[in-house]
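In: give me the fold of what follows.
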Amino acid sequence: MSLLNEEVRDFTRKKFEAELVNPVNLVYFTKEKSPLIVPGHEPQEDCGFCPETRQLLEELAGLTDRIKLTVYELDKEPARAAEFQVDKIPAIIVMGEQDAGIRFFGIPSGYEFMSLLEAIVDVSRGQTELSQETKEALKKLTREVNIQVFVTPTCPYCPVAVRLGHQMALESPLVRAAMVEATEFPELTQKYEVFGVPKTIFNDSLTLEGAVPEEMFLEQVLKAGAPEA
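Out: Numbering: from 1, shown residues only. Below you'll find the model as predicted:
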């Protein structure tokens, strides 16, 4: 059974036809089904949304010849996982010829489906809609910045933060940005004290809560990437 209904499929196909320019590679890390046996309970998969995430990506790749999907098993391809700095699944890397640091950890469903589509389009075009001031400021970074945006599929404000992070990653080789689906990674949600979404973590030290303007988001990126005293 298709995850995308006919209306969404038609919308997505038309968007890809109109906006994709260069080929896009979707690199997907998953894990084969390996049920965890708990006495008295039905077997549970240790990557609950991996099959659905793979199906979603296969359906997207089937809509255009400009998208290529490559699938790796996390536990069977440790070298590849290390290369892409992937330590949890499901994981999606959206890239062109080179990896720009754009990640999705967890299934990009609900409102985050559009975040995935926009990331694909941005990578295909090789450009973003960020202001020229923001682009110039990002060129001055001297330290790496790792951005994690915690989201839920039902949050209408979360894609704003996800998209800002991904666009800044595309503009700067020193920035990496990931959507993290909060309910799929409860240990991280607890670690970063995520009580509401979107919540954005910069280099494990700075945080932003809620959807904020581009200028405010950039300010935190620049703080996180400032030279150490």
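In: got the end-to-end distance for stretch 148-159?
Out: End-to-end distance of stretch 148-159 (CA to CA, to the nearest Å): 13 Å.
In: contacts for it, please.
Out: 107, 109-112, 114-115, 118, 161-162, 165, 177-183, 188-189, 192, 194, 197-201, 210-211 (CB atoms under 8 Å, 6 or more residues apart in numbering). Placement of C-beta: from N, CA and C, glycine included.
In: separate out the buried members of the residues you listed.
Out: 107, 109-112, 115, 118, 161-162, 165, 177-182, 188-189, 192, 194, 197-201, 211 (16 or more other CB atoms under 10 Å).
In: among those residues, which ones are in helices?
Out: E112, S115, E118, A161, V162, G165, L188, T189 (DSSP state H).
In: mind checking the backbone torsions on K15?
Out: Note on K15: its backbone torsions stand at phi -60, psi -40 [degrees, to the nearest 10].
In: separation between it and S109?
Out: Distance of K15 to S109, given as CB to CB, to the nearest Å: 17 Å.
In: again with T128
Out: 24 Å.
In: what ranges in this protein fall below the confidence cut-off?
Out: Counting by pLDDT under 70, the chain contains low-confidence ranges at 33-46, 229.
In: and the one residue sitting closest to the centre of it, what helix or strand is that in?
Out: Nearest to the mean C-alpha position of the chain, by CA atoms, centre = their mean, lies F104 at 2.4 Å. Here F104 sits within strand 102-105, counting by DSSP states H and E.
In: okay, now the sheet partners of that strand, with direction.
Out: Next to strand 102-105 in the sheet, as set by DSSP bridges, lie strand 91-95 (antiparallel), strand 175-181 (parallel).
In: chain center to the longest one, what's the gap?
Out: Taking CA atoms, centre = their mean, to the nearest Å, one finds strand 175-181 lying 5 Å from the centre of the chain it belongs to.
In: going forward, begin numbering at 66 instead of 1
Out: All right, first residue 66 from here; so that's strand 240-246.
In: other residues contacting that strand?
Out: 150, 166-173, 177, 180, 203, 206, 209-218, 227, 230-231, 233-234, 253, 286, 290.
In: how does it look with 7 Å?
Out: For strand 240-246, the external contacting residues (CB atoms under 7 Å, 6 or more residues apart in numbering) are 166-173, 177, 180, 203, 210-216, 227, 230-231, 233-234, 253, 286.
In: now, of the residues you listed, which are buried?
Out: Counted by 16+ other CB under 10 Å, the contacts of strand 240-246 give 166-173, 177, 180, 203, 210-216, 227, 230-231, 233-234, 253, 286 as buried.
In: where do the strands sit along the protein?
Out: For the chain, applying DSSP state E gives strands covering 89-95, 132-138, 156-160, 167-170, 210-216, 240-246, 264-267, 271-274.
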